[in-house]
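Peer 1: 3D model of this:
(4 chains)
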There are 2 protein chains.
Amino acid sequence: MGLAKTEIFTDTQNEIALFAKAFGHPARVAILQHLFKIDACFCGDLVKEIGLAQPTISQHLKELKYLGLIKGTVEGTSVCYCVNTEKWKEMRELMQNFLSQDILPKEDCC
Amino acid sequence: MGLAKTEIFTDTQNEIALFAKAFGHPARVAILQHLFKIDACFCGDLVKEIGLAQPTISQHLKELKYLGLIKGTVEGTSVCYCVNTEKWKEMRELMQNFLSQDILPKEDCC
DNA sequence: TTTATTCATTGCAATGATACGATTAATATT
DNA sequence: AATATTAATCGTATCATTGCAATGAATAAA
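Peer 2: Residues are numbered from 1 along each chain as shown, chains lettered A, B, ... in the order given. Modelled structure (predicted):
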């Protein structure tokens, strides 16, 4: 059916999946890396930097903005994007919890 | 076109996206959490635990196995699944590098 | 005001992902 | 051998995602 049955999972599981899905495309990974590297960036610069069409970049930015991972403020005809560090840390906390489940060293069973 | 243009991104960016996509579904998050919790698990147990049909769980397991994050060994009619801790740590290294880009405290620009 | 620039939105085509019923393959059990 | 159990695979339906051309909206520059 192409639809994830979110209702049978915990909030945490769904939240992890949502953030992970945002990183599930190399363009969004590249956008975030670039925003971290140069602090702030206009959409047009990202189009040049990444190499995808402007509507495509705009769409990826929209998703990242929807999750709160980036912010965008209008500056004349341009829009300045940057990482929302507050939300980023919140997300990282969640993801690192998930990634660090194996603190206790265990033997692989199979 | 529904196709990510992987050729215009770096290997690292594509790799991050691949692993992230694996965590982009709550069922796979739940499967991994359960495998960590009880060390090893049969497919049938996961079907009961998660609440999705057996073919669906089997499909999710296949993806996790393809990425090397889990291992599965046949035990009679059952298949025992467990986390591949080696690969898991490798993946975590990659993801944590990405998640820790903001070590230097910066001001949000917008 | 006219033109240019910048970016969002819309609409479309193509592909991917999710879910499951039905079936198949393999081993255990009787 | 016949049956049961377990899990993979196949086929199919449905929705999601990706990408871009075309267009629209808003501000800046002439």
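Peer 1: report whether the lengthiest helix in chain A contacts chain B.
Peer 2: Ranked by residue count and defined by DSSP state H, the top helix of chain A is helix A:85-99. Yes: contact of helix A:85-99 with chain B (C-beta under 8 Å from any C-beta of the partner chain) involves A:85-86, A:88-89, A:91-92, A:95-96, A:98-99. From N, CA and C alone the C-beta is placed, and that goes for glycine too.
Peer 1: would you reformat the residues you listed as TSV and include neighbour count?
Peer 2: As requested, the residues of helix A:85-99 next to chain B are exported to TSV (neighbours: other C-beta atoms under 10 Å in any protein chain shown):
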residue	neighbour count
A:85	16
A:86	11
A:88	19
A:89	12
A:91	22
A:92	19
A:95	22
A:96	14
A:98	20
A:99	21
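Peer 1: nearest to DNA strand D among these?
Peer 2: Lowest distance from DNA strand D to these (C-beta to the nearest atom of the strand) belongs to residue A:91, with 16.9 Å.
Peer 1: the closest one contacts residue A:19, correct?
Peer 2: Yes: taking C-beta atoms under 8 Å as the definition, residue A:91 is a contact partner of residue A:19 at 5.1 Å.
Peer 1: count the neighbours of the nearest residue to residue A:29 once chain neighbours are set aside for me.
Peer 2: Closest residue to residue A:29 apart from its sequence neighbours, by C-beta to C-beta, 6 or more residues apart in numbering or on different chains: residue B:13 at 4.6 Å. Counted with other C-beta atoms under 10 Å in any protein chain shown, the neighbours of residue B:13 add up to 21.
Peer 1: output the helix or strand hosting residue B:13 as CSV - backbone C-alpha positions only.
Peer 2: Element membership for residue B:13, per DSSP states H and E: helix B:11-22. Taking Å, rounded to 0.1, in the frame of the first residue of the first chain, the C-alpha atoms of helix B:11-22 are listed here in CSV:
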residue,chain,number,x,y,z
ASP,B,11,30.7,8.5,-1.8
THR,B,12,30.3,9.6,1.8
GLN,B,13,27.1,11.5,1.1
ASN,B,14,25.6,8.5,-0.7
GLU,B,15,26.6,6.2,2.0
ILE,B,16,25.1,8.3,4.7
ALA,B,17,21.9,8.5,2.7
LEU,B,18,21.8,4.7,2.3
PHE,B,19,22.1,3.9,6.0
ALA,B,20,19.7,6.7,6.9
LYS,B,21,17.2,5.4,4.4
ALA,B,22,17.4,2.0,6.2
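Peer 1: surely residue A:79 forms part of a strand?
Peer 2: Yes: assessed by DSSP: H, G, I helix; E, B strand; the rest coil, residue A:79 belongs to a strand.
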